[in-house]
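**Student:** Below are the sequence and a predicted model; questions follow.
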Amino acid sequence: MRKGFTLVEFLVSMVVLAIGLLSLAAFLSISSRSIAKDDMRSRGVEYLHEEMELFEGLGYATVINSFHDGVQYNASEGLPQGYSRWFWVYHNNPMQGIARVQILISWEEHQRTRTLKMETYLTRK
């Protein structure tokens with residue numbers, strides 16, 4: 001009985017191993033790209049949430065008296081390069097005594113613009 005592998009068996013096993021390693025390398029590339037994309041999206045949600053908390057802290061009366069109805073305002077100051085944030089305040093929308101605040105953030109990702117939008121309602125107390 002002979003011991004060891006034949007040359008053909010060894011070459012076949014190397015081909016199978018190479019295919020497995022190439023698949024793993026492709027998966028790692030896709031995974032790292034996905035992590036970067038998710039990180040940018042998480043930051044966008046964080047920047048939206050910051051602005052939302054600011055409006056909730058100001059309260060209904062201050063927001064109504066400080067911002068014009070339906071006007072677009074730039075709130076990008078302090079954000080990292082590549083991110084932009086905008087908001088709109090709508091008076092008495094959807095009904096009297098309620099202010100609707102829409103906040104939008106956008107950023108460039110792989111030569112495409114991504115956008116997230118949130119909305120909150122402030123009521124007279």
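**Tutor:** That came through fine. Numbering: from 1, shown residues only.
**Student:** Figure out how far the strand or helix carrying G20 is from the centre of its chain.
**Tutor:** Element membership for G20 (DSSP states H and E) is helix 7-58. Offset of helix 7-58 from its chain centre (Cα atoms, centre = their mean, to the nearest Å): 15 Å.
**Student:** That one packs against which elements?
**Tutor:** strand 83-90, strand 98-109, strand 112-123 (3 or more Cβ pairs under 8 Å, 6 or more residues apart in numbering; DSSP states H and E). (C-beta placed from N, C-alpha, C; glycine too.)
**Student:** what's downstream of that helix, the next helix or strand?
**Tutor:** Helix 7-58 is succeeded, C-terminally, by helix 60-66 (DSSP H and E).
**Student:** buried set for that following helix?
**Tutor:** Y60, V63, I64 (16 or more other Cβ atoms under 10 Å).
**Student:** Centre-most residue in this structure?
**Tutor:** R41 (1.7 Å; Cα atoms, centre = their mean).
**Student:** got the contact list for it?
**Tutor:** R114, L116 (Cβ atoms under 8 Å, 6 or more residues apart in numbering).
**Student:** per-residue pLDDT, it?
**Tutor:** pLDDT for R41: 92.
**Student:** same check, this time on E46
**Tutor:** 95.
**Student:** residues near it, how many?
**Tutor:** 10 (other Cβ atoms under 10 Å).
**Student:** where's it relative to M40, distance?
**Tutor:** 11 Å (Cβ to Cβ, to the nearest Å).
**Student:** I'd say Y60 and T120 touch.
**Tutor:** No. Proximity of Y60 to T120 does not meet the contact threshold set by Cβ atoms under 8 Å, at 11.2 Å.
**Student:** follow-up on the earlier one: which one of the helices and strands packed on helix 7-58 lies closest to G20?
**Tutor:** Ranking the helices and strands packed on helix 7-58 by proximity to G20 (Cβ to Cβ) places strand 98-109 first, at 31.1 Å.
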